[in-house]
Structures are given as structure tokens and as C-alpha cells.
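Asks: got a sequence here, can you build the structure:
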Amino acid sequence: MSVLLEFAMFPTDKGESVSDYVSRIILFIDNSGVKYQLTPMGTIIETETFDEALSIIKGAYETLENDCNRIYSSLKFDIRKNQDDRMVKKMQSIEKKIFNK
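Replies: Numbers count the residues shown, from 1 in each chain. Next up, the predicted model:
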């Protein structure tokens, strides 16, 4: 199974720039070993199970909870059985259709 999760998480009580806090979340994700891609508007991860994806969300929250009073997060899931490496394969499929015509 492939669970793609696109999410954003950041504190809303720390001023205009929150990159120091987002960086802590990205370091947590990097240390977790899951595949991920940072984007300007959020982060995409790929896990093998739904529980593993939720564990990443919980851990991301826990990296902020001690010194943030208000945390915002948005999540989008794309779950597909009998597939893997979709973070790469989905992009390759589109690029093939665009550039190999």
C-alpha cells in the first residue's frame, strides 16, 4: 500500500515568519526515514501504512507542542493499495505524457 500525505503544520502564535518551527518538523521527518518532499506550501510524505502517516503527524505536532500555544495543520491523503513509490511514479507518469508526445 502507498499512503501519500500532503500536509502543512505551523504555529500561529509565533509571528509572521515560522520557518524555525517548520524546520524542526522537517528535521523530525528526515530523521524518521520516510520518503518526503518539501514544497513551498507544505510537505509530502509517502508511507506504507495509514498508521505510519498518522504517526508522522503526531510526531510533527509533538515537536511544536511544548513551546507553541496554537498550531494549525491541514492534511490531504491519497491512499492506494498494491502500489509503492508513488511519489516518484506519479510525477514520472505526467512528465512522460508531457515530454514524450
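
Asks: C-alpha only now, for contacts and for neighbours.
Replies: Noted.

Asks: can you give me the helices in this structure?
Replies: With DSSP state H as the criterion, the chain has helices at 19-32, 50-65, 86-99.

Asks: so for the helix or strand bottoming out on mean pLDDT in the chain, what gets flagged as buried?
Replies: Sorting the helices and strands of the chain by mean pLDDT, DSSP states H and E puts helix 86-99 at the bottom, at a mean of 90. Across helix 86-99, burial judged by 16 or more other C-alpha atoms under 10 Å covers R86, M87.

Asks: need the contact partners of it.
Replies: Defining contact as C-alpha atoms under 8 Å, 6 or more residues apart in numbering, one finds that helix 86-99 is touched by S2, L4, I45, E46.

Asks: so, low pLDDT: which residues of this protein?
Replies: Scanning the chain with the threshold set as pLDDT under 70 gives 101.

Asks: so who does M41 touch?
Replies: Per C-alpha under 8 Å, 6+ apart, neighbours of M41: A8.
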